[in-house]
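Asks: predicted coordinates and the sequence they were generated for:
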Amino acid sequence: MLHYVTTNPGKLREASSYLGEAIESYEYEYAEIQAKTLEPIAAAGAREAYREVGEPVVVDDAGLFIDTFDGFPGPYSSFVEETIGVDRVWELTESETNRDAEFRCVLAYCDGTPAEDESDGTLAVNCFTGVVRGEIVAPRGTGGFGYDPIFEYEGETFAELTPEAKNECSHRGRALASFAAWYDDQ
């Protein structure tokens, strides 16, 4: 059994569409390290979560990377959403000529296997990345969560898509598809 370490039921639904009944939610608040990229954050979370759960875990970290702001808020997306809010991110971006952005998700899997190049007890982690390019727009839609109302992909914001439609094109969906293919081969 895989444990998706999340308190977000939307993430679990999305993961279930790729992994079926092989995955279940595990609520655990792991310490989130600070880093300039998502991969070390997800990997550290997966290692800590594995030590808590004692069975294979999946952890993800995701962020909104706005081109004109050199990728900001990126790995700080949750903090920015909580402190200034999604509407303010739109307002900051609104006057920019380039509002291109991407959602990125790194899914980290840890099953307790020791890392090959480490003798200090470090656990191996496999990471899978999903990226979707889009544009920052005025808020639209009532679905999804986080930055979904201001992220437009192929003419619709993620908040305007059904959960199934979003799942097919989302950054997390892409990371999950890559992970599911790898996991099936294991």
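Replies: Structure's in. What do you need?

Asks: contact partners for Arg172?
Replies: Neighbouring residues of Arg172 by Cβ atoms under 8 Å, 6 or more residues apart in numbering: 11, 14, 60, 62, 105, 107, 130. In this view, the C-beta of every residue, glycine as well, is placed from N, C-alpha and C.

Asks: any quick PyMOL command for the buried ones out of these?
Replies: Under the burial definition 16 or more other Cβ atoms under 10 Å, those of these that qualify are selected in PyMOL by:
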select buried, resi 11+14+60+62+105+107+130
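
Asks: among the contacts of Arg172, show me the least confident.
Replies: In terms of pLDDT, the lowest of the contacts of Arg172 is Lys11, showing 84.

Asks: picking that back up, restricted to helices, list the contacts of Arg172.
Replies: 11, 14 (DSSP state H).

Asks: in TSV: the contacts of Arg172, plus distance to Leu92.
Replies: Formatted as TSV, those follow (distance: Cβ to Cβ, whole Å):
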residue	distance to Leu92
Lys11	27
Glu14	28
Asp60	26
Ala62	20
Cys105	23
Leu107	29
Gly130	25
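
Asks: which residues touch Pro40?
Replies: Counting by Cβ under 8 Å, 6+ apart, the residues that Pro40 touches are Ile33.

Asks: what about the helices in the protein?
Replies: 9-19, 38-53, 77-83, 86-94, 163-169, 171-185.

Asks: who's in contact with the third one?
Replies: To tie it back to what came earlier, the one meant is helix 77-83. So helix 77-83 is contacted by 62-64, 72-73, 89, 146-147 (Cβ under 8 Å, 6+ apart).

Asks: any low-confidence regions in this structure?
Replies: Along the chain, the model assigns pLDDT under 70 to residues 118-121.

Asks: residue nearest the centroid of it?
Replies: Ala62 (3.0 Å; Cα atoms, centre = their mean).

Asks: then stretch 82-96 to PDB, C-alphas only?
Replies: This file holds the C-alpha atoms of stretch 82-96, laid out as PDB (Å, rounded to 0.1, in the frame of the first residue of the first chain):
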ATOM      1  CA  GLU A  82      -1.400  32.700   2.600                       C
ATOM      2  CA  THR A  83       0.200  36.100   3.200                       C
ATOM      3  CA  ILE A  84      -0.800  38.300   0.200                       C
ATOM      4  CA  GLY A  85      -3.400  36.100  -1.500                       C
ATOM      5  CA  VAL A  86      -4.100  34.900  -5.100                       C
ATOM      6  CA  ASP A  87      -5.900  38.200  -6.000                       C
ATOM      7  CA  ARG A  88      -2.900  40.200  -5.100                       C
ATOM      8  CA  VAL A  89      -0.600  38.000  -7.200                       C
ATOM      9  CA  TRP A  90      -2.900  38.800 -10.100                       C
ATOM     10  CA  GLU A  91      -2.700  42.500  -9.300                       C
ATOM     11  CA  LEU A  92       1.100  42.400  -9.300                       C
ATOM     12  CA  THR A  93       1.100  40.600 -12.600                       C
ATOM     13  CA  GLU A  94      -1.700  42.500 -14.300                       C
ATOM     14  CA  SER A  95       0.400  45.300 -15.800                       C
ATOM     15  CA  GLU A  96       3.200  43.100 -17.000                       C
END
